[in-house]
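Sequence first, then the predicted structure, then my questions.
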Amino acid sequence: MSMSSGSASLGFEVKDLELINLTKRFADFVAVDDLTLTIPAGSFFALLGPSGCGKTTTLRMVAGLEDPTEGQILLGGDDLTRLKAYQRPVNTVFQSYALFPHLDVFENVAFGLRRRGIKDVSAAVTAMLELVELGNLARRKPGQLSGGQQQRVAVARALINHPGVLLLDEPLGALDLKLRRQMQLELKRIQTEVGTSFVHVTHDQEEAMTMADTVAVMNQGRIEQMGAPVDIYDLPRTRFVATFLGQSNEVSGRVTGTSGGDLLIEGAGSRFTLPVTRSAVDTGDILVGVRPEKLSISAQGSDIGDDVNYVTGKVTDASFTGVSTQYLVMTSWGGEWMVFEQNRSLGGTLRPGDEVTVHWRPEHTFGLAVDGSAAESA
Amino acid sequence: MPAIVPTTTTKADAPAASAGSSQRRSRTAYLLLLPGLGWLGVFFVIPIATLFFTSLQAPVEGRSGVYQAAFQISNYAQALGDYWPQFVRSFIYAGIATILALIIAYPLAYFIAFKAGRWRAIMLVLVVAPFFASFLLRTYAWRTILSDEGAITTALNALHLLPEDRILNTSIAVVLGLTYNFLPFMILPLYASLEKIDPRLIEASGDLYARPFTGFRKVVFPLSLPGVVAGTLLTFIPAAGDFINARLLGAPGDSMVGTAIQVNFLQFRDYPIASALSFILMAFILVVVFTYIRRAGTEDLV
């Protein structure tokens, strides 16, 4: 049976990946701290965090390139923890690819099949090279390929083995911006086509949000928050997530009471309300946060209506970018806020020096713990 | 087509403008080459030519040790006829020593390149350290180490492992001496090519189901081939021409070509035969090297 696309001939078996109490300690620091998480079969999962947060160590433990100090790794219920890398049904796309320089593209892609004693590899290799659109370059050496092409070879070399889960370690880090955008879509397409789980490690929040169904934000060996990109962005649960994933404006205050489903907060000479469900704390000190594109800005004294949260300040910078205008506002208590205002009305932009009121709807507000540590919720 | 024309002209303009300076630069390059060329001329071309003419000289009747210009090709036949056992021994001893050196050096170089960590620099210094003492002195030291009353010989004799009941003054001692003396020439090029290999390639081979040994055979070893070729050549060539080890560690029956050349030059004062031996050795080595490089097929080497 001949199929035009490779997917039918690929035949992946999809499996859940479970990490249970996974811990990795190096001599004097904990790289991965008691990590428990389940990556459902067939998902595109991103581990996002700054360098040194333990995301790469986590990936390497799943690949079998690093031994966990404690904990278990299960794939489809099978315990992989004590298996060597070469015994695991898991494959990796390495950072800067690690293609074998002495082998051509075909042999690089065939490597895993040959090691498993499969004699006739040419049909599978050809199908895989078609999938990554490299059919005509089979006999080139990696050194003769561009960065984007090498990236595709690395993906093909791993995917041809039908891994239970494909691990990608900063796969787009070595590419320039334009190519990176293109490969983001390309990887997403391949993932949809083959249906196997992709676990993608990156420090680039935009990359994670563009590609992944689920993003886990990691910091200091722990997962701070996990969920669909839109949910995490909309409702960050820790200060780290709020600032690492996009930009956030914050003002500190105290919870003074509740009214209906809302928390009442006083701070910086103003009052704020925010739904209890959108706050990580419900008493004492709190950090009130809001995303810059949720804000509206108007000259002080103009009617902003009731039932809104607002702060006052002075515009220090206004940059017109076409679709929107980006304002920097020095607030009354001295914090700097960023406001993205869509240019929907004609004329009437504010100028630096203007006294303004910045306001937003309570349901766009989020509440964070002040020291950034609390918040068990995820 | 029209789009290409303007770009070519702009490209052509740039070199034209700097042609003067680039010409001056290339003249400087040739000037810098002069000392090297002079060195090669004085210390390589002239001696080789002299040696070649000497190898064709004929003896002057009645005066031993005095020769005159001639075209006596029979010198070569005579040299080969008299000393073919030395040639055979040279290549066998050098061959075995090269293989032994490779077996000893590869794991060592591998360890230094991938596992030594912060000890790497120290280990490299230790590899080179023997060069601080003279070659001759070190070979004399081996006479003591391998002597009949020495610990090694006594121990092996107790186990009845030595065919001649001794090591010193046997071919075994010659091969051991050659292996020892040329080992650093094997380790250093091996290290240089292993060190260039990205350790992630080893991880990648493991990730793609290669057991450690298969990963070595399919990835690390092929990538280290330039080092293997360079190391074996750097060991084999000087070992084949060596005359010290056979002289100091072997019996008279273990003599090599190097010994024969030395004896002919310095004791028999038969310069034409000694020169002819040198040329034959050179020719053999060239043939061996070229066939070897052909077979090994490393484009990076030459």
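Nice, I can see it.

pLDDT weak spots in chain B?
For chain B, applying pLDDT under 70 flags the ranges B:1-23, B:297-302.

How about the residues of it by chain A?
Contact residues (C-beta under 8 Å from any C-beta of the partner chain) of chain B with chain A: B:198, B:200-201, B:203-212, B:214-215, B:218-219, B:222-223. Using the backbone N, CA and C atoms, a C-beta is placed for each residue, glycine as well.

Now A:Gly335: closest residue in space, sequence neighbours ignored.
Ranked by C-beta to C-beta, 6 or more residues apart in numbering or on different chains and with sequence neighbours excluded, the top spatial neighbour of A:Gly335 is A:Val251, at 6.5 Å.

Next: B:Gln57.
Closest residue to B:Gln57 apart from its sequence neighbours, by C-beta to C-beta, 6+ apart: B:Tyr67 at 3.9 Å.

Dihedrals phi and psi, the one you found?
With angles defined as degrees, to the nearest 10, B:Tyr67 sits at phi -130, psi 160.

what's the answer for B:Ile244, then?
The phi/psi pair for B:Ile244 (degrees, to the nearest 10) reads phi -80, psi -50.

if you go through the stretch 251-378 of chain A in chain order, where are the strands?
Per DSSP state E, counting those that start in this stretch, the stretch 251-378 of chain A carries strands over the ranges A:262-267, A:270-275, A:285-290, A:296-299, A:309-320, A:324-331, A:336-342, A:355-360, A:366-368.

quick one, which of these is packed in tightest?
strand A:366-368 (a mean of 25; mean count of other C-beta atoms under 10 Å in any protein chain shown).

Who are the packing partners of that one?
With contacts defined as 3 or more C-beta pairs under 8 Å, 6 or more residues apart in numbering or on different chains; DSSP states H and E, the secondary structure elements packing on strand A:366-368 are helix A:239-244, strand A:285-290.

now the ones you listed in CSV, with mean pLDDT?
Supplementary listing: the helices and strands packed on strand A:366-368 in CSV, determined by pLDDT from 0 to 100:
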stretch, mean pLDDT
helix A:239-244, 92
strand A:285-290, 93
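
so which of those gets nearest B:Ala121?
For the helices and strands packed on strand A:366-368, distance to B:Ala121 was read as C-beta to C-beta. The smallest value, 39.8 Å, belongs to helix A:239-244.

Going by neighbour count, which residues of that closest one are buried?
The neighbour-count criterion (16 or more other C-beta atoms under 10 Å in any protein chain shown) identifies A:239-242, A:244 as the buried residues of helix A:239-244.

Looking at these, spot the one nearest A:Lys294.
For A:Lys294, the closest of the buried residues of helix A:239-244 turns out to be A:Ala242, at 12.6 Å, with distances computed as C-beta to C-beta.

Would you map out the domains in chain A?
Following automatic domain parsing, one finds the domains of chain A at A:7-234, A:247-368.

The stretch 101-250 of chain B: helices as residue ranges?
Counting by DSSP state H, counting those that start in this stretch, the stretch 101-250 of chain B has helices at residues B:120-128, B:135-145, B:151-158, B:171-195, B:199-207, B:212-215, B:221-241, B:244-249.

The third one: how far from the chain's middle?
Translated: helix B:151-158. Offset of helix B:151-158 from its chain centre (C-alpha atoms, centre = their mean, to the nearest Å): 32 Å.

ok so, going back, quick check: the residue nearest to B:Gln57 touching B:Ser275?
No. With contacts counted by C-beta atoms under 8 Å, B:Tyr67 stays clear of B:Ser275, the gap being 9.9 Å.

More neighbours: the two, which one.
When neighbours are counted by other C-beta atoms under 10 Å in any protein chain shown, B:Tyr67 and B:Ser275 differ, and B:Ser275 comes out ahead with 25 against 18.

Can you give me the distance of that one to chain A?
B:Ser275 sits at a distance of 44 Å from chain A (criterion: C-beta to the nearest C-beta, to the nearest Å).

repeat for B:Val128
Here the distance between B:Val128 and chain A works out to 29 Å (C-beta to the nearest C-beta).

ok, that residue touching B:Pro184?
Yes. Proximity of B:Val128 to B:Pro184 meets the contact threshold set by C-beta under 8 Å, at 6.2 Å.

Compare those two and say which is more crowded by neighbours.
Neighbour comparison, B:Val128 and B:Pro184: the larger count goes to B:Pro184, with 21 against 11 (by other C-beta under 10 Å).

Report the spatially closest residue to the more buried one, excluding sequence-adjacent ones.
Excluding the flanking residues, the one nearest B:Pro184 by C-beta to C-beta, 6+ apart is B:Val127, at 5.4 Å.
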